[in-house]
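Engineer: Here's my sequence, what's the structure:
(chains A and B)
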Amino acid sequence: MIDVRLLRDEPERVRASQRARRADPGLVDAALAADEARRGAIGRFEALRAEQRSIGAGIPSAAADEKAALLARTKDLAVDVKAAQVELDEAEAAFDAALRAIDNVIVDGVPEGGEEDFVVLDEIGTLPDIADPRDHLAIGEALGMIDVERGVKVSGSRFYYLTGWGARLELALVNLAMAQAIETGFTPMVVPALVRPAAMEGTGFLGQAAENVYRLEADDLYLVGTAEVPLAGYHMGEVLDGAALPLRYAGLSPCFRREAGTYGKDTRGIFRVHQFDKVEMFSYTHPDDAEAEHERLLGWEKRFLSALELPFRVIDVAAGDLGASAARKFDCEAWIPSQGRYRELTSASNCTTFQSRRLDIRARGDDGRPAPVATLNGTLCAVTRTIVALLENHQQPDGSVRVPAALQPHLGVDTLRPGEDR
RNA sequence: GGAGAGGUGGCCGAGCCAGGUUGAAGGCGCUUCCCUGCUAAGGAAGUGAGGGGUACUGCCCCUCCGUGGGUUCAAAUCCCACCCUCUCCGCCA
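Structural biologist: As a prediction, this is how the structure comes out:
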């Protein structure tokens, strides 16, 4: 949720953010009105409560004859206090709901508009010159790396097996990603993929993204769609040492996504699946350092994709296409030869203090006061999509696939050839 | 799955079955100062969070002892429900 003080002091900034997102700026005024009502209720309750307490404090020491009169008065007061309490609770709840309805305030410079209104920030690498590119599934099947047919037989649509070199490629990618993360100063983590409602709710995935989340009804647990959830939840309810910031974690987890509303989209191969593994970077920083950290996360994503020798572009996602908790998002989109277009491979979001307020994650600053930290997340390697881009961009006319130099030490070969299965 | 124990401030840990200056003893940690050639040890003081008010850098008030209800003039302290954690047994790995 956003900062109440920002709402009160600079409502126009929040309204402008809402407009840029194509969201309702009226929510700002609704929240302001709810805040006004809440403060009135607080005043009424506190006045009554203070009187009740001051009289109550004198009762034990009061003379016997005064005692009866005091008891009678506080008895009446108790009724009023209770009523004021109810009124206050309702006002607080209404204000909280109004505040939570407002999306995170975007960072200055984020392009306005919807999905199509992104701005291209960078184009890296050169597009491969492939006469008649085959798609990743054709290549992967020929190499004995991907088995979608059996994935569907066992688990249904959008499931797959990685077999032989396919499985080895995943392990090599995860190792390369973790090696880079560790070298960069991230603490490697293997995290829970099942989380309680509080973690899911706090990270903001039960809002408009709820339909894409798997829920285990019998146990009241959720399957995470990204390690962002357990990594953000890691410090929930804590007060961190401000001097220790930034805290950087690289989490490996399976990711589960229902892909509701994507019927007919990306049905071939493993580009869009219900389950995949991913190495995710997550940073807790001082709010003033968030934008710089966002650039750093993007830099590490670019470094990883470049190491894989993939051509890609970086886009500044438009406000209307941001999730509720992101204040800015950079996507790295790799070139997919069989589709002749760029597709999202990684994504880095700056959630400023939006998530940490919901999750109650604070850090003690120089003044000794705890204040919400900023949280940021960025994909280092979403395995299946990386495999897609790798197979397609590095395919050779003879049906083999070139292994980029950085990956060779982890995979053990410089080329993947048909017939060399295992 | 069966049986117990427990959830208190940044942390540990009293208080709760004698309900009323207990926002909460004590310790650790932290901050400042003293001592010291430096460090350590030692000594002194201070040190929770959230919210509201304001004649607003000082003060006043309210709330918070897992969560939500209840009893009471008054609850960390009594009652109920729920959540969570831990231990033992069984089971599985």
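
Engineer: For the rest of this, base every contact and every neighbour count on C-alpha atoms.
Structural biologist: Noted.

Engineer: List of residues touching stretch A:140-148?
Structural biologist: Contact partners of stretch A:140-148, identified using C-alpha atoms under 8 Å, 6 or more residues apart in numbering, comprise A:137, A:158-167, A:269-270, A:391, A:399-400, A:416-421.

Engineer: Of these, which belong to helices?
Structural biologist: A:137, A:165-167, A:391 (DSSP state H).

Engineer: hey, where'd the helices end up in chain A?
Structural biologist: For chain A, the helices defined by DSSP H occupy A:4-9, A:11-20, A:26-58, A:64-100, A:136-142, A:148-155, A:165-184, A:197-203, A:228-233, A:290-307, A:354-359, A:383-393, A:408-411.

Engineer: got a pLDDT number for the residue lying closest to A:Ala101 once chain neighbours are set aside?
Structural biologist: Nearest in space to A:Ala101, with sequence neighbours left out and distances taken as C-alpha to C-alpha, 6 or more residues apart in numbering, is A:Leu27 at 7.1 Å. Confidence at A:Leu27, expressed as pLDDT, is 95.

Engineer: which ones are touching A:Leu27?
Structural biologist: A:Leu27 neighbours (C-alpha under 8 Å, 6+ apart): A:98, A:101-102.

Engineer: who's in contact with the spatially most central residue of chain A?
Structural biologist: Closest to where the C-alpha atoms of chain A average out (C-alpha atoms, centre = their mean) is A:Glu228, at 5.3 Å. Taking C-alpha under 8 Å, 6+ apart, we find A:Glu228 in contact with A:251, A:280-282, A:377.

Engineer: Nearest to RNA strand B among those residues?
Structural biologist: Nearest to RNA strand B out of the contacts of A:Glu228 is A:Gly251 (C-alpha to the nearest atom of the strand; 20.8 Å).

Engineer: how many other residues sit next to the closest one?
Structural biologist: Using other C-alpha atoms under 10 Å, A:Gly251 has 27 neighbouring residues.

Engineer: And A:Thr187, by the same measure?
Structural biologist: By the criterion of other C-alpha under 10 Å, A:Thr187 has 16 neighbours.

Engineer: can you tell me how far A:Val107 sits from A:Met178?
Structural biologist: Using C-alpha to C-alpha, to the nearest Å, one gets 30 Å for the distance from A:Val107 to A:Met178.

Engineer: What does the residue of the stretch 301-422 of chain A found nearest RNA strand B show for phi and psi?
Structural biologist: Nearest to RNA strand B in the stretch 301-422 of chain A, going by C-alpha to the nearest atom of the strand, is A:Arg369, at a distance of 4.7 Å. Note on A:Arg369: backbone dihedrals following degrees, to the nearest 10 are phi -90, psi 140.
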